[in-house]
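Q: Sequence and predicted structure, then a few things I'm wondering about:
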Amino acid sequence: MSITVERKAELIKEYGKAEGDTGSPEVQVAILTERITNLTEHFKSHRKDKHSRRGLLMLVSRRRSLLDYTRGKSEDRYQSLIKSLGIRR
């Protein structure tokens, strides 16, 4: 269910602005999206896992807050981020 170190490094390299940039909202949203996707796959076979479902809802809420922050700072960054991650379909 958790994200691997290699995958996390790939996301940081892809969405980060500089080397080792882990704090920008784009990187944080990308990592959260990966974790949300993994948990969604987990629920396909473990329907009654209520404790993990609560964690999923917390991740979605945190991602929503970061997306709102990004949208408030720059609409262009927000649009490119959701387009590259495929969040709004």
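A: Perfect, I can see it now.

Q: Give me the longest helix you can find in this protein.
A: helix 50-73 (DSSP state H).

Q: How about the secondary structure of the residue lying farthest from the centre of the chain?
A: Within the chain, the residue lying farthest from the chain centre (C-alpha atoms, centre = their mean) is residue 48, at 23.5 Å. Assigned state for residue 48: coil (three-state reduction, DSSP: H, G, I helix; E, B strand; the rest coil).

Q: Look up how far residue 2 lies from it.
A: 20 Å (C-beta to C-beta, to the nearest Å). For the C-beta atoms, the positions are set from N, CA and C on the backbone; glycine is no exception.

Q: Could you do residue 19 as well?
A: Counting by C-beta to C-beta - residue 19 and residue 2 are separated by 24 Å.

Q: can you check residue 51 too?
A: 15 Å.

Q: Also residue 83?
A: From residue 83 across to residue 2, the span is 26 Å (C-beta to C-beta).

Q: just residue 33 next, same as before
A: Counting by C-beta to C-beta, the gap from residue 33 to residue 2 is 14 Å.

Q: Which one of those two is surrounded by more residues?
A: Taking neighbours as other C-beta atoms under 10 Å, residue 33 and residue 2 compare with residue 33 leading, 20 against 10.

Q: State the three-state secondary structure for residue 23.
A: Assigned with three-state DSSP, residue 23 falls in the coil class.

Q: Test for you: state the pLDDT assigned to it.
A: On pLDDT, residue 23 comes in at 93.

Q: and what of residue 89?
A: pLDDT at residue 89 comes out at 59.

Q: phi, psi of residue 43?
A: Note on residue 43: backbone dihedrals following degrees, to the nearest 10 are phi -70, psi -10.

Q: Residue 52 is in contact with that one, correct?
A: Yes - the criterion here is C-beta atoms under 8 Å, and residue 43 meets it with residue 52 at 7.4 Å.
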